[in-house]
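**Student:** Below are the sequence and a predicted model; questions follow.
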Amino acid sequence: MLESESVAQRVRSAGYAMTRPRQAVVDAVRNQPSQFTANDVYAAIQEATPDVGRATVFRTIELLERVGVVCRVHSREGCATYTCCTQLQHHHHLVCSSCGEVIEIPGCGLSDLIQSAWAQHGFEVEGHVVEIYGRCRTCQSA
């Protein structure tokens with residue numbers, strides 16, 4: 001769960017102010033399901049804070065991703081979806097293709113393998129993303 005003060009501290013540590021519109025986005029993100037889009041957040045904000053614009057929502061979600069509060073999840077449909085991060089360190093995701101639940105897998109056992117393979121090709125590593133798609137226990141039982 002996103003704690004407002006923790007999020008505000010991370011935003012300020014990155015050199016940004018925690019403005020009222022940004023706080024409105026954080027509050028709306030906190031109430032989203034496991035996987036959400038920027039449009040979902042915008043729709044939720046319009047009910048409570050109609051003066052916060054769509055561009056502000058999109059830019060704030062990008063900022064929250066940069067400071068590690070939310071993670072982008074690459075959906076099979078191709079649209080950008082997000083989930084709240086509980087892991088502060090590098091991690092990967094299990095994504096249920098039925099209900100959309102996102103489960104964080106802590107740590108990364110792939111880093112050494114990836115670094116070695118990329119080093120052979122003179123590639124400068126900036127990062128990697130692994131998402132494993134399937135069905136969660138609940139959806140398997142249904």
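**Tutor:** Nice, thanks for sending it over. Numbers count the residues shown, from 1 in each chain.

**Student:** May I see the buried residues of stretch 18-36?
**Tutor:** Using 16 or more other C-beta atoms under 10 Å as the test for burial, stretch 18-36 gives 18, 21-29, 32, 34-36. In short, each C-beta sits where N, CA and C put it, glycine included.

**Student:** by contact count, what packs against the lengthiest helix in the chain?
**Tutor:** Using DSSP state H to define each element, the chain has its longest helix at helix 54-66. Secondary-structure packing of helix 54-66 (3 or more C-beta pairs under 8 Å, 6 or more residues apart in numbering; DSSP states H and E): helix 4-13, helix 20-30, helix 38-48, strand 70-74.

**Student:** hmm, who's touching stretch 12-23?
**Tutor:** Stretch 12-23 is contacted by residues Ser4, Val7, Ala8, Val11, Thr49, Val52, Thr56, Thr60, Leu63, Arg66, Val67 when judged by C-beta atoms under 8 Å, 6 or more residues apart in numbering.

**Student:** start to end distance for it?
**Tutor:** Length of stretch 12-23, first residue to last, C-alpha to C-alpha, to the nearest Å: 12 Å.

**Student:** partners of Ile132 in the sheet?
**Tutor:** Counting by DSSP bridges, Ile132 is bridged to Leu94.

**Student:** what about it, distance to Ser116?
**Tutor:** Going from Ile132 to Ser116 by C-beta to C-beta, to the nearest Å gives 22 Å.

**Student:** before we move on, what about Val130?
**Tutor:** For Val130, the distance to Ser116 equals 16 Å [C-beta to C-beta].

**Student:** Comparing these two, which residue is more hemmed in?
**Tutor:** The neighbour count for Val130 versus Ser116, taken as other C-beta atoms under 10 Å, is higher for Val130 (12 against 9).
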